[in-house]
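A.B. asks: Quick one, fold the following:
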Amino acid sequence: MNVLERQARFTLMVIIITVCLYLAIVACIGFHPAAMAAFGFTGLLGLTGLIGRKERKAGKIIMDERDREISQKASIVAYSVFWLFFVACLMAPFFIYGPNAKITIGVGVPALFVGISGIMVYFVRSLVIVILYRRDVNA
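C.D. replies: Numbering: from 1, shown residues only. Next up, the predicted model:
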């Protein structure tokens, strides 16, 4: 398995575990600000760079043109999904409440939006990487 694919699989595992942990905490204590602590588990994504370190030290080529192309395609898809999510979240109140409505949101909502957006970008990018590698293998 390629280094990029192993990194993507690790990222998917960390994100899925984080979301499950968050949902478990919400099931126990409800939507409390303390439940946001579950997203601290995403800090393990910092270990992604260690995957493939042994190959790099051995002088092996860990990314060729195909890997770079897959990475670029995955990034384009991930950021496209992010922008769709971003615009949908910003425009939803306009379509729900109308153009003349005034709404008040707590300070935690933008922070939650930023966190969810970041996790979504990593999740979609990793998912696309795994799909593209599997599609190329089966072709």
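A.B. asks: give the contact list for the residue in the chain sticking out farthest from the centre.
C.D. replies: Among the C-alpha atoms of the chain, the one most distant from their mean position (C-alpha atoms, centre = their mean) is that of N100, at 34.3 Å. The neighbours of N100, taking C-beta atoms under 8 Å, 6 or more residues apart in numbering as the test, come to nothing; the list is empty. In short, each C-beta sits where N, CA and C put it, glycine included.
A.B. asks: any idea how far it is from A88?
C.D. replies: From N100 over to A88 the distance is 21 Å, taken as C-beta to C-beta, to the nearest Å.
A.B. asks: can you check V121 too?
C.D. replies: As for V121, its distance to A88 is 15 Å (criterion: C-beta to C-beta).
A.B. asks: now the helices for this protein?
C.D. replies: 3-29, 53-57, 65-97, 108-138 (DSSP state H).
A.B. asks: between the ones you listed, which gets nearest to A38?
C.D. replies: Taking C-beta to C-beta as the measure, those were each checked against A38, and helix 3-29 came out nearest at 3.9 Å.
A.B. asks: any idea how far the closest one is from the chain center?
C.D. replies: A distance of 10 Å separates the C-alpha centroid of helix 3-29 from that of its chain, computed with C-alpha atoms, centre = their mean, to the nearest Å.
A.B. asks: Let's see the pLDDT reported for D64.
C.D. replies: On the pLDDT scale, D64 is placed at 89.
A.B. asks: I meant to write R53 there.
C.D. replies: You'll see R53 listed with a pLDDT of 89.
A.B. asks: what number of residues lie near it?
C.D. replies: The burial metric for R53, expressed as a neighbour count using other C-beta atoms under 10 Å, is 11.
A.B. asks: Surely Y22 is in contact with A38?
C.D. replies: Yes - with contact defined as C-beta atoms under 8 Å, Y22 and A38 form a contacting pair (3.9 Å).
A.B. asks: Out of the helices of the chain, which is closest to L44?
C.D. replies: Among the helices of the chain, the nearest to L44 by C-beta to C-beta is helix 3-29 (4.9 Å).
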